[in-house]
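Peer 1: With the sequence up front, the predicted model follows.
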There are 2 protein chains.
Amino acid sequence: MTIPSRIAVDAMGGDEGIAVMLAGAARARRRFDGMEFILVGDEARIRDGLKAHPNLAAACEIVHAAEVVAADAKPSQAIRRAKTTSMGIAIDLVKQGRAGAAVSSGNTGALMAMAKLSLRTMAGIDRPALAALLPSLGANDTVMLDLGANTEVDERNLVQFAVMGAAYARTALDLARPRVALLNIGTEEMKGTDSIRDAAAQLRAAKHLPLEFTGFIEGNRLSRGDVDVIVCDGFSGNIALKTAEGTARFVADLLRRAFSSSLRSKLGFLISKPATELLRHHLDPNNHNGAVFLGLNGIVVKSHGGANEVGVDTAIGFAAKMVRDELTRRIAEDLGNFEAKAA
Amino acid sequence: MTIPSRIAVDAMGGDEGIAVMLAGAARARRRFDGMEFILVGDEARIRDGLKAHPNLAAACEIVHAAEVVAADAKPSQAIRRAKTTSMGIAIDLVKQGRAGAAVSSGNTGALMAMAKLSLRTMAGIDRPALAALLPSLGANDTVMLDLGANTEVDERNLVQFAVMGAAYARTALDLARPRVALLNIGTEEMKGTDSIRDAAAQLRAAKHLPLEFTGFIEGNRLSRGDVDVIVCDGFSGNIALKTAEGTARFVADLLRRAFSSSLRSKLGFLISKPATELLRHHLDPNNHNGAVFLGLNGIVVKSHGGANEVGVDTAIGFAAKMVRDELTRRIAEDLGNFEAKAA
């Protein structure tokens, strides 16, 4: 696949550090022809790590950063180190136009605060949102936003999240007209808060947008593949996403317990290995890795701190597709269309 | 087990109707010595159904109800039929003191509205809450509330939910000092909304209550068994509960797909049957059935509409334990203690 673009990678973030970030970038380099990298971090350690990845070494430049944002740093502390940390410098490269997108596995709160301060919120967007992909039973993953950037939202925010989420689904999932639903505690029109009902009314009326609004969706259908984009406030979105993660792990743990409960079960497990591996593959967060901050003047992707090289590769791939599809411009256009008709 | 009590059962509710409600009550009757029932509904059909359950027939009276609350009835419609529907009459039997608790598998919104109107909110409680049990990896299930009765709450509501949920955990789970946590989007003190932070501060200070406040809990740890009571607003609680249900079903569906993907996997499945049955048993909602409205002057239990006879039996068992332990009085006492110290 040819996606000519330059991605700034915060090489220092993540639980596993430089080795995983470089291995992930090297994988992405093999997938995407013409992709170039700016690796940001401790120059000596990056040079050392690159010895294992000649393909990446040939397609990157290194920008030295003296500091790293700590995993437990408060956002307010981190933004004071924007000029010296690998995370801050990677974002700044996007602002300067030297990179099309930045990818980091570091502290989410710090990344969000730095990105917002440096890149600024897009004209017409009140608040940026954090979007990610959930596995589903459908043909494609499901985009969900907001996942924690905004604990409280109003109807205007929810409508903007829907527009941004649909634009992202068109890019990340290659869908022409994504199906969009609002997360709610029932599917009847009178359910939920005033903001949710108002947002639903606005989206129902906005038939000219490149999305199909399907109404409300409940928590038990998040993974069914009925919709492509699920829109919610950051509080319940974060709760839902983490509950889904936790429940999948809970079921896997019960399964492990059950399979080791008797000799017969252990034997069954050995024989079923291809089946359980298939399940593991489908649920592996590395195959859905890459949360995106939507609504900023620039693309910033958050890779999971615990992602492996496959996960980092996945996240870089999403960043590259957003650069190729000019996601920021698309969102601005859709939003302009929405507001022009609504006015 | 001896729990002398009389339970009013709305015999008409639920997807499966009378047969399941009677079979469930008959099971409960075998578990609890001295338990008596008032079966509310179509008298002729109940008499007919009782022929299969002589043990239940010997321990019940029948109160005829001419109408049934429809599954899709709006709460505002249902309350106008409180005097004539099986649901309304079952609740009224609690109000009159003829039954210690009412159990229904009918429409949740209608049940909540009728129960609130008839039994009234307890002195000192601003809003009743819906509580249920989640399966966990720990030694006992976990109580979670609110699950949808209140879409928006303040810190006072959350503290009252904590007190009520702990009292319920002492009864339903036989715990002396339940561990209570607030659902939040992070565990650090500054996370979440003002209401959540304020509620946490009040609960941290309330050391004289028969509960141990453990701080915040995130969605990914709901099923780990770290805490006994999880407190949240009804919106995110409903989302979390349904997301957990949906994800468990999603994983089970993936597993089914994986196990039927090849001959080897199918063979493995047959051999592993005891293991997968164990899993199924642990996750079966019938073993955790029975949501409770806490904060009313009387006990009302909502059995899941799709529950089988085991589920109905489980729900009736919880109702009986709450009657035995005088849950309403306990909540009033705890609340009095909390407010006396806080004043």
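Peer 2: Thanks, I have it.
Peer 1: So what's the residue count around A:Ala65?
Peer 2: Neighbours of A:Ala65 under the rule other C-beta atoms under 10 Å in any protein chain shown: 25. Heads up, the C-betas are built off the backbone N, CA and C, glycines and all.
Peer 1: helix/strand/coil for the residue of the stretch 51-200 of chain A found nearest chain B?
Peer 2: Nearest to chain B in the stretch 51-200 of chain A, going by C-beta to the nearest C-beta, is A:Ile185, at a distance of 4.1 Å. What DSSP: H, G, I helix; E, B strand; the rest coil gives for A:Ile185 is coil.
Peer 1: what about it, how many residues close to it?
Peer 2: 23.
Peer 1: Ok, A:Val103 next?
Peer 2: Neighbours of A:Val103 using other C-beta under 10 Å come to 30.
Peer 1: can you check A:Asp325 too?
Peer 2: Neighbours of A:Asp325 using other C-beta under 10 Å come to 17.
Peer 1: Give me the pLDDT for it.
Peer 2: Note on A:Asp325: pLDDT of 87.
Peer 1: distance of it from chain B?
Peer 2: Separation of A:Asp325 from chain B (C-beta to the nearest C-beta, to the nearest Å): 29 Å.
Peer 1: wait, what's in contact with that residue?
Peer 2: A:Arg170, A:Thr171 (C-beta atoms under 8 Å, 6 or more residues apart in numbering or on different chains).
Peer 1: show me what contacts the residue nearest to A:Leu296 when sequence neighbours are not counted?
Peer 2: Closest residue in space to A:Leu296, ignoring its immediate chain neighbours: A:Leu119 at 4.3 Å, by C-beta to C-beta, 6 or more residues apart in numbering or on different chains. By C-beta under 8 Å, 6+ apart, the residues touching A:Leu119 are A:Ile91, A:Val94, A:Lys95, A:Leu296, A:Asn297, A:Gly298, A:Val300.
Peer 1: And A:Leu119, how close does it get to A:Gly41?
Peer 2: Distance of A:Leu119 to A:Gly41, given as C-beta to C-beta, to the nearest Å: 20 Å.
Peer 1: so where's the stretch 1-150 of chain A uncertain?
Peer 2: Low-confidence regions of the stretch 1-150 of chain A, defined by pLDDT under 70, span residues A:1-4, A:14-15.
Peer 1: same thing but 80
Peer 2: A:1-5, A:13-16 (pLDDT under 80).
Peer 1: Please enumerate the helices of it.
Peer 2: A:18-31, A:43-50, A:54-57, A:75-78, A:86-95, A:108-119 (DSSP state H, counting those that start in this stretch).
Peer 1: Buried deepest among those helices, which one?
Peer 2: Highest mean neighbour count of the helices of the stretch 1-150 of chain A: helix A:86-95, a mean of 25 (counted as mean count of other C-beta atoms under 10 Å in any protein chain shown).
Peer 1: what's A:Leu255 sitting at in phi/psi?
Peer 2: phi -60, psi -40 (degrees, to the nearest 10).
Peer 1: ditto for A:Ala176
Peer 2: phi -80, psi -40.
Peer 1: before we move on, back to that, pipe the helices of the stretch 1-150 of chain A into JSON lines and attach distance to B:Tyr168 per row.
Peer 2: Formatted as JSON lines, the helices of the stretch 1-150 of chain A follow (distance: least, C-beta to C-beta, whole Å):
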{"stretch": "helix A:18-31", "distance to B:Tyr168": "46"}
{"stretch": "helix A:43-50", "distance to B:Tyr168": "54"}
{"stretch": "helix A:54-57", "distance to B:Tyr168": "57"}
{"stretch": "helix A:75-78", "distance to B:Tyr168": "38"}
{"stretch": "helix A:86-95", "distance to B:Tyr168": "45"}
{"stretch": "helix A:108-119", "distance to B:Tyr168": "35"}
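Peer 1: ok, the helix or strand A:Gln202 falls within near chain B or not?
Peer 2: For A:Gln202, the element it lies in under DSSP states H and E is helix A:194-205. No. Helix A:194-205 lies apart from chain B when judged by C-beta under 8 Å from any C-beta of the partner chain; the minimum separation is 9.0 Å.
Peer 1: what does stretch A:221-239 give?
Peer 2: Yes. Contact of stretch A:221-239 with chain B (C-beta under 8 Å from any C-beta) involves A:Arg221, A:Leu222, A:Ser223, A:Arg224, A:Cys232, A:Gly234, A:Phe235, A:Ser236, A:Asn238, A:Ile239.
Peer 1: Using PDB, write down the CA coordinates of that stretch.
Peer 2: Only the C-alpha atoms of stretch A:221-239 are listed here, as PDB (Å, rounded to 0.1, in the frame of the first residue of the first chain):
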ATOM      1  CA  ARG A 221     -25.300  -4.300  21.700                       C
ATOM      2  CA  LEU A 222     -22.000  -2.400  21.500                       C
ATOM      3  CA  SER A 223     -20.200  -5.400  20.000                       C
ATOM      4  CA  ARG A 224     -23.000  -6.700  17.700                       C
ATOM      5  CA  GLY A 225     -21.800  -4.800  14.600                       C
ATOM      6  CA  ASP A 226     -25.200  -3.100  14.200                       C
ATOM      7  CA  VAL A 227     -23.600   0.300  13.900                       C
ATOM      8  CA  ASP A 228     -20.200   1.700  12.900                       C
ATOM      9  CA  VAL A 229     -19.900   4.700  15.200                       C
ATOM     10  CA  ILE A 230     -21.100   4.900  18.900                       C
ATOM     11  CA  VAL A 231     -21.300   8.400  20.400                       C
ATOM     12  CA  CYS A 232     -21.400   9.200  24.100                       C
ATOM     13  CA  ASP A 233     -20.000  11.400  26.800                       C
ATOM     14  CA  GLY A 234     -16.500  10.700  28.000                       C
ATOM     15  CA  PHE A 235     -17.600   9.400  31.400                       C
ATOM     16  CA  SER A 236     -20.000   6.600  30.200                       C
ATOM     17  CA  GLY A 237     -17.800   5.900  27.200                       C
ATOM     18  CA  ASN A 238     -14.800   5.300  29.400                       C
ATOM     19  CA  ILE A 239     -16.900   3.100  31.700                       C
END
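Peer 1: Off-centre distance for it?
Peer 2: 14 Å (C-alpha atoms, centre = their mean, to the nearest Å).
Peer 1: Identify the residues contacting the nearest residue to A:Glu61 once chain neighbours are set aside.
Peer 2: Sequence neighbours aside, A:Ile38 is the residue nearest to A:Glu61 in space, at 5.5 Å (criterion: C-beta to C-beta, 6+ apart). Residues in contact with A:Ile38 (C-beta under 8 Å, 6+ apart) are A:Arg6, A:Ile7, A:Ala8, A:Val9, A:Cys60, A:Glu61, A:Ile62, A:Val63, A:Ala90, A:Leu93, A:Arg98, A:Ala99.
Peer 1: go with 10 Å
Peer 2: A:Ile38 makes contacts with A:6-9, A:11, A:60-63, A:89-90, A:93-94, A:98-99, A:102, as judged by C-beta atoms under 10 Å, 6 or more residues apart in numbering or on different chains.
Peer 1: Kindly report the same for A:Val20.
Peer 2: With the criterion set at C-beta under 10 Å, 6+ apart, A:Val20 makes contact with A:11, A:13-14, A:49, A:105, A:303, A:306-312.
Peer 1: Appreciated, that's everything.
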